[in-house]
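Undergrad: based on what follows, work out the 3D shape:
(one chain, ligands or ions: 1)
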Amino acid sequence: MSEKQMLSFTHYFPSMYLFYLYSFYYYQFINILKLTTQALIKQHTQRASPEVKKLRILEVKKLRLENKVAIITGSAKGIGREAALLFAEEGAKVVVIDVDEGGSETAEEIKNMGHESLFVKTDVCNKEQVQDMVKKVVERFGKIDVLINNAGIIRDSTLLKMTEEQWDKVIDTNLKGVFNCTQAVAEVMVKQGYGKIINTSSIVALYGNFGQANYAASKAGLIGFTKTLAKELGRKGIRVNAVAPGFVLTDMVRSVPEKVLEMVKEKTPIGRLGQPKDIANVYLFLASDESDYINGAVLSVDGGLTL
Ligand SMILES: NC(=O)c1ccc[n+]([C@@H]2O[C@H](COP(=O)([O-])OP(=O)(O)OC[C@H]3O[C@@H](n4cnc5c(N)ncnc54)[C@H](O)[C@@H]3O)[C@@H](O)[C@H]2O)c1
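TA: Sure, this is the predicted structure:
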C-alpha cells in the first residue's frame, strides 16, 4: 500500500466504521420497534372482549346499501317487512309501501333502530297513488336507488271455479301493480343513470301449481317483464332482475294445509321450508353493488325444490 493510499485509508476508516456502526444500531432499533409494536397489537387484540372485537369488525365492515334509498312494496309484513329491516341495517333509507296500515309499524321499528324510514300508504294497483308516492319519496330523499316490487296476493281456485274477480284482482296487483311502480320509479332512475329493480316472481311461474292459474300467470308475466326491461334499461345504468321464491313461511302460505307443507319439505333437498330472511338476503344482494353484472336474471330461491 502506497503512502497516499495509506493516508486516505486512515482518513476514511473511522468515518466508515462509524457509518457501519450507526447503520447496524439503526437497523436493530427499527427491528426492536417493529417487534414491540406487533407484540403490543397482538396482546391488545387477544385481551379485547368478544363485544369489543365485534365492534371492531363492525367499524371496518362497509354497509352494503350505505345511503341508498330503497322502496319496498308490501313491506307491512312477511318477506317485505324482513327485507325492510335488513336493508335499514345495511344503511339504506327505506320507504315502506303497503295498503295495510301495518306498514307504519315497520317504519317505526326502523326508526327505533336509529335509521331513516318513511311509510307511504299506497295501493300499487292505483296509478295515481303510486305517482304521488314516488313524488313524495323524491321530495324527501332526492333520489331512488332501489325498487323491490314485492307486494303480491293469492286468490286460489281451479280454473273452472275461478271467478273473473279472482282473476282480475291477482293480475291487477301482481302484474299491473308492478307496472305502475316500475314505470313511475324508472323515470327517476333513468334521470339519475342508476337503479336496481327487483321483481318478486315465484317458482309457480316456472313450473305451474294446481289451483293457481291466476297467480302463476301473473308471476310468469313478471319474468317476461323483467327480461324486457333488462334490455330496455341496461344501458341507462339500471339493472332489472327477478327472484322466484319457493315456499316461504309467511301469512301467504298459512292457508296451505300442514300435510302439503310437510310434503314440500320432504321434496326439498335441503329439508326445510323457506324463511322470509332467505328471500330478503337475495333482495339485498341484488340491490347492492355486488350484483352490478347481473341483469335480466331470475334467481330461484327454493332450497332446490324444483330440481
Ligand atoms: N310466501 C311464499 O311462499 C311466496 C312464494 C313465492 C312468491 N312469493 C311472493 O313474495 C311476495 C311477498 O309475499 P309474502 O309471503 O311476504 O306475502 P304476505 O301476504 O305476507 O305480504 C304481502 C304484503 O303485500 C301487501 N299488499 C298486497 N296487496 C297490495 C297492494 N295492492 N298494494 C300494496 N301492498 C299490497 C300486503 O298488505 C302484505 O303486507 C309476494 O309477491 C308473493 O307473491 C311468496
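Undergrad: alpha carbons only for contacts and neighbour counts from here, please
TA: Noted.
Undergrad: now residue 213, nearest residue through space, not along the chain?
TA: Leaving out its chain neighbours, the residue that sits closest to residue 213 by C-alpha to C-alpha, 6 or more residues apart in numbering is residue 159, at 6.6 Å.
Undergrad: can you count the residues close to the one you found?
TA: Using other C-alpha atoms under 10 Å, residue 159 has 13 other residues around it.
Undergrad: ok, it to the ligand distance?
TA: Taking C-alpha to the nearest ligand atom, to the nearest Å as the measure, residue 159 falls 19 Å from the ligand.
Undergrad: now do the helices in the stretch 151-300 of the chain.
TA: For the stretch 151-300 of the chain, the helices defined by DSSP state H, counting those that start in this stretch cover 164-171, 177-192, 203-207, 213-233, 251-254, 258-267, 276-287.
Undergrad: tell me which of the ones you listed lies nearest to the ligand.
TA: helix 251-254 (4.4 Å; C-alpha to the nearest ligand atom).
Undergrad: what residues does this protein have near the ligand?
TA: For the chain, the contact set with the ligand under C-alpha under 6 Å from any ligand atom comprises 73-80, 98-100, 122-125, 150-153, 173, 200-202, 245-253.
Undergrad: what about burial for the residues you listed, which qualify?
TA: Those of those that meet the buried threshold are 73-80, 98-99, 122-125, 150-152, 173, 200-202, 245-248, by 16 or more other C-alpha atoms under 10 Å.
Undergrad: identify the residues contacting residue 73.
TA: Each residue near residue 73 by C-alpha atoms under 8 Å, 6 or more residues apart in numbering is listed here: 80, 96, 97, 98, 124, 148, 149, 150, 151.
Undergrad: how close does the closest residue in space to residue 253 that isn't next to it in sequence get to residue 261?
TA: In this structure, residue 253 finds its nearest non-sequential neighbour in residue 247, 7.3 Å apart by C-alpha to C-alpha, 6+ apart. Look at residue 247 and residue 261: by C-alpha to C-alpha, to the nearest Å, they are 8 Å apart.
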